[in-house]
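*Asks:* Following is a predicted model, sequence given first.
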Amino acid sequence: MESKIEVLSTVTVENSSDLYKIVDTLNRTLKRENLMFGLALDQENKEKAVFTIYRT
């Protein structure tokens, strides 16, 4: 069984210590809708974070 993950949207935002709380809440709330959210530090600018929305 193959699981395909599709990137729906990606945006770069200012990094904040509380961003992970938003991503965690979105993941818990919308997993039944086959949505997943990710957050990573920007590789080129550590003051920025990359927020990504996926369909699973």
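*Replies:* Everything's here; your move.
*Asks:* Look at Lys4 and give its secondary structure.
*Replies:* Using DSSP: H, G, I helix; E, B strand; the rest coil, the structure places Lys4 in coil.
*Asks:* can you offset everything so residue one is 21?
*Replies:* Will do, 21 is the new start, and the previous item becomes Lys24.
*Asks:* how close does the closest residue to it other than its chain neighbours get to Met56?
*Replies:* Leaving aside its chain neighbours, Lys24 sits nearest to Thr76 (8.0 Å; criterion: C-beta to C-beta, 6 or more residues apart in numbering). (Each C-beta comes from the backbone N, C-alpha and C, glycine too.) Distance of Thr76 to Met56, computed by C-beta to C-beta, to the nearest Å: 5 Å.
*Asks:* Between these two, which is the more surrounded one?
*Replies:* Remark: of Thr76 and Met56, Met56 carries more neighbours, 17 against 11, as counted by other C-beta atoms under 10 Å.
*Asks:* quick one: that one and Ile25 touch, right?
*Replies:* Yes - Met56 lies in contact with Ile25 (C-beta atoms under 8 Å); the separation is 7.2 Å.
*Asks:* what touches both of the two?
*Replies:* 74-76 (C-beta atoms under 8 Å, 6 or more residues apart in numbering).
*Asks:* of the residues you listed, closest to Lys66?
*Replies:* Nearest to Lys66, judged by C-beta to C-beta, of these is Tyr74 at 23.1 Å.
*Asks:* In terms of helices and strands, where is the nearest residue to the closest one once chain neighbours are set aside?
*Replies:* Once flanking residues are discounted, Tyr74 sits nearest to Met56: 4.4 Å by C-beta to C-beta, 6+ apart. Element membership of Met56, judged by DSSP states H and E, is strand 55-61.
*Asks:* Now that strand: average pLDDT?
*Replies:* For strand 55-61, mean pLDDT is 98.
*Asks:* Check which element follows it along the chain.
*Replies:* Counting by DSSP H and E, what follows strand 55-61 is strand 68-75.
*Asks:* And for that following strand, what's in contact with it?
*Replies:* Contacts for strand 68-75 (C-beta under 8 Å, 6+ apart): 25-36, 39, 43, 54-62.
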